[in-house]
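Q: one predicted model, sequence on top.
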Amino acid sequence: MEFTKWQGCGNDFVLIDGRKQEPDDYASFAVKVCDRHYGVGADGILVVLPSERADFRMRIFNADGSEAEMCGNGIRCFARYLYEYGLTNKTEFPVETGAGILVPRIILTHGQITGVCVDMGEPHLMGEEIPVCGHDGEMVIDQPIDVGGKTYRMTGVSMGNPHCVVFVEDAETFPIGELGTQFEHHEMFPRKTNTEFVEVRDRGHVRMRVWERGAAITLACGTGACATAVASALNRKTDRKIEVELDGGRLLVEWAENNHVFMTGPAEMVFAGRLAD
Ligand SMILES: N[C@H](CCC[C@H](N)C(=O)O)C(=O)O
């Protein structure tokens with residue numbers, strides 16, 4: 001089975017074209033392929049599929065085999081793959097995802113691809129949409145959550161997938177490895193959650209580290225960066241357009257006046273290969 005390996009700010013993916021070849025079971029395939037010793041190694045897999053509602057459909061599976069609704073770093077890589085491999089001649093096209101139909105745009109500078117900007121659609125902020133238990137019919141802004149015997153303040157945002165945004169004094173030293181899994185599996189989140197630990201630097205910049213649902217600590221999370229921008233604005237800590245500094249790179253995110261979130265960042269191919277049968 002042929003694949004290409006991609007990364008966006010160090011969040012890495014194995015991409016396969018599901019129209020040509022599909023594994024019998026995506027969950028076990030993702031676990032096997034994402035293993036960094038026995039497989040290719042990645043945070044997740046991306047699958048190209050046909051769509052009746054858009055030009056293409058993208059499915060994303062985490063390294064633990066769970067399927068996610070959406071992947072921000074992934075859709076940038078997905079879009080660049082389609083363009084570079086000649087599967088589309090458009091630089092902007094609709095992609096069907098679990099978060100709805102989203103629109104990546106290839107950024108060309110002097111004919112060179114310098115990045116991808118994605119209209120990530122609208123954030124979902126009501127408790128039952130994120131979902132967060134105990135907050136039906138209301139937004140979840142600066143709410144208490146008890147983890148590891150301590151009370152933190154969280155803001156819930158869905159970008160199709162659930163995010164718990166926690167503002168901290170120092171993102172570099174926050175014990176994300178110890179607490180990340182406790183947030184992920186907390187009883188408040190019926191579909192588990194991705195958790196972003198955010199240090200606000202100024203009204204246009206934040207430093208964010210992430211523990212991802214189904215993938216643990218990753219170097220970057222695109223939907224997490226979008227959730228961070230929305231949560232930072234909701235808590236009046238930043239403007240609506242910010243630069244998010246992640247372990248693996250920087251993303252530019254704007255929660256625009258039309259309520260759509262736009263994310264701009266890199267997408268790089270690392271290698272192409274063939275899986276042994
Ligand atoms: N772990 C995420 C999926 C990958 C999202 C992340 N890699 C991104 O770039 O948005 C989830 O289960 O919702």
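A: Looks like it arrived, so ask away.
Q: got the residues of the stretch 1-150 of the chain near the ligand?
A: For the stretch 1-150 of the chain, the residues found near the ligand under the criterion Cβ under 6 Å from any ligand atom are 11, 44, 60, 62, 68, 71-74. Using the backbone N, CA and C atoms, a C-beta is placed for each residue, glycine as well.
Q: any chance of those residues in CSV, plus pLDDT and secondary structure?
A: What follows is these, written out as CSV (pLDDT from 0 to 100; DSSP: H, G, I helix; E, B strand; the rest coil):
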residue, pLDDT, secondary structure
11, 98, strand
44, 98, strand
60, 98, strand
62, 98, strand
68, 98, strand
71, 97, coil
72, 98, helix
73, 98, helix
74, 98, helix
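Q: so which of those wins on neighbours?
A: Highest neighbour count within those: residue 73, with 37 neighbours (other Cβ atoms under 10 Å).
Q: enumerate every residue touching it.
A: 7-9, 11, 13, 220-222, 265, 267 (Cβ atoms under 8 Å, 6 or more residues apart in numbering).
Q: residue 104 too?
A: Remark: with contacts taken as Cβ under 8 Å, 6+ apart, residue 104 is in contact with 75-76, 78-79, 92-93, 95, 116-119.
Q: secondary structure element holding the residue nearest to it when sequence neighbours are not counted?
A: Using Cβ to Cβ, 6 or more residues apart in numbering and skipping the chain neighbours, the partner closest in space to residue 104 is residue 79 (3.6 Å). Assessed by DSSP states H and E, residue 79 sits inside helix 72-84.
Q: the following helix or strand past that helix pairs with which strands, parallel or anti?
A: Along the chain past helix 72-84, the next helix or strand (assigned with DSSP H and E) turns out to be strand 95-97. Based on DSSP bridges, the strands next to strand 95-97 in the sheet, each with its direction, are strand 56-62 (parallel), strand 100-109 (antiparallel).
Q: and the first one with helix 72-84, angle?
A: Orientation note: strand 56-62 sits at an angle of 140 degrees relative to helix 72-84 (axes from the mean of the first three to the mean of the last three Cα atoms, to 10 degrees).
Q: over to the longest one?
A: Going by the same axes, to 10 degrees, strand 100-109 is angled at 60 degrees with respect to helix 72-84.
Q: what is the mean pLDDT for stretch 113-123?
A: This predicted structure assigns stretch 113-123 an average pLDDT of 97.
Q: show me where pLDDT drops low in this structure?
A: Scanning the chain for pLDDT under 70 picks out no residues.
Q: spell out which residues make up each domain of it.
A: Using automatic domain parsing, the domain parsing of the chain gives 2-121+265-274, 143-259.
Q: now do the same end-to-end measure for the shortest one.
A: Start-to-end span of domain 143-259 (Cα to Cα, to the nearest Å) is 23 Å.
Q: kind regards, and thank you for your time.
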